[in-house]
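> One predicted model, sequence on top.
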Amino acid sequence: MNFKISLAKKTLVFYSIIGLVISCASIYNLIWGVILHETPTYRIGVFSLFGFIVFPVLLISTYLKNKCVIDTDSVHIGKIKYRFSDYDFFITTYQLSFKDRPLFSIFNKDYFDFVIKETGTNNIVFQKDLDIFRKDIELIKRALPPGKIKYR
């Protein structure tokens, strides 16, 4: 069994929508503003000229950094492997006030953290905000083995 999920799904969706607009505008600015000189170019910068290259690279790197693969004996996050026998896994719930909430999930009241601790020493080796949809949290709960995930 192999379950794959991105720990920053909402961020990827939000930036994909913005990235599409920036990519189209940067291609327009590069071709018609700089190369053909048909429209005025007000700014020459990374996002105004090469946003169609920079933004997809940022999206791909964000996805690869936040990719979580749950196997039968371990969890892979990025390039690091956390075995079920060596680590305890927690999903913690907390609430944020309205002014502290992120822009792309401003109406959510409950937020979740994914915490990985060493079994013997209780040192936190990984802590990440779960920036995913509520149905994906249920999928993570079902993908992890029944005694290995704890809730707080």
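Perfect, thanks for sending it.

> how far away is the nearest residue to residue 124 once chain neighbours are set aside from residue 73?
Closest residue to residue 124 apart from its sequence neighbours, by Cβ to Cβ, 6 or more residues apart in numbering: residue 117 at 5.5 Å. C-betas here are computed from N, CA, C, even on glycine. Shown here: residue 117 relative to residue 73, a distance of 18 Å by Cβ to Cβ, to the nearest Å.

> The two - which one has more neighbours?
residue 117 (18 against 10; other Cβ atoms under 10 Å).

> quick one: strands adjacent to whatever helix or strand that one lives in?
Using DSSP states H and E, the element containing residue 117 is strand 110-118. Using DSSP bridges, strand 110-118 pairs in its sheet with strand 87-95 (antiparallel), strand 124-130 (antiparallel).

> Mind listing what's buried along that strand?
The neighbour-count check on strand 110-118 (16 or more other Cβ atoms under 10 Å) flags 111-112, 114-117 as buried.

> Quick one, which of those residues has the minimum pLDDT?
Among the buried residues of strand 110-118, residue 111 has the lowest pLDDT, at 83.

> Would you mind naming the residues that bridge with that one?
In beta-bridge terms (that is, DSSP bridges), residue 111 pairs with residue 94.

> Cross-check the contact I'm expecting between it and residue 93.
Yes: Residue 111 is within contact range of residue 93, at 7.4 Å (criterion: Cβ atoms under 8 Å).
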